[in-house]
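>>> Let's see this in three dimensions:
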Amino acid sequence: QVQVAESGGGSVQSGGSLTLSCVASEDTYYKNCMAWFRQARGGEREMVARSCSLSSQRYADFVKGRFTISRSNAKNTLYLQMNDLKYEDTAMYYCATDSDGQAWYPADYKNWGQGTQVTVSS
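Numbering: from 1, shown residues only. Below you'll find the model as predicted:
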């Protein structure tokens, strides 16, 4: 059974840092790309960063230089290190696995976690 589970969200002040983790079952961890998306209240789900098994990482413009995506294959875990957090980073953050197509849009991913809330106060 495919399992995807995020953790690490919380409340921080502007300028602070958080690290999100996503543990995936082995049957989905190695399939193409894994990614972090986010969805603010009332907004659409949007790509934050992705990591693909055969290519380099790619980031949304609004997080370049502040967020870093990485993997631990030994732990089947995807990470998102978030530095210099801003109020506008407040959202539910989702981990997605097993990509298809361009691997950039929500519809390109088959498996999703339940999300972890990140709240940044100004």
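>>> Tell me the helix or strand right after the longest strand along the chain.
Criterion DSSP state E: the longest strand present in the chain is strand 91-99. Going down the chain from strand 91-99, the next helix or strand is strand 109-112, by DSSP states H and E.
>>> So for the protein, the centremost residue is which one?
Taking Cα atoms, centre = their mean as the criterion, Trp36 is the residue nearest the geometric centre of the chain, at 1.9 Å.
>>> List every C-alpha atom in the longest strand of the chain, with coordinates, as CSV.
Provided in CSV are the C-alpha atoms of strand 91-99 (Å, rounded to 0.1, in the frame of the first residue of the first chain):
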residue,chain,number,x,y,z
ALA,A,91,0.0,27.5,3.5
MET,A,92,-0.6,23.8,3.8
TYR,A,93,2.4,22.0,2.3
TYR,A,94,1.9,18.7,0.5
CYS,A,95,4.3,16.0,-0.6
ALA,A,96,3.6,14.3,-3.9
THR,A,97,5.2,11.3,-5.5
ASP,A,98,5.1,9.2,-8.6
SER,A,99,5.1,11.8,-11.3
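>>> which residues touch that strand?
Contacts with strand 91-99, where a contact means Cβ atoms under 8 Å, 6 or more residues apart in numbering, come from 2, 4-6, 9, 20, 22, 24, 28-29, 31-41, 43, 45, 48, 50, 52, 78, 80, 106, 108-118. Placement of C-beta: from N, CA and C, glycine included.
>>> Ok, stretch 34-46 next?
With Cβ under 8 Å, 6+ apart, stretch 34-46 has contacts from 20, 22, 24, 47-52, 60, 69, 71, 78, 80, 88-97, 99, 103, 106, 109, 115, 118.
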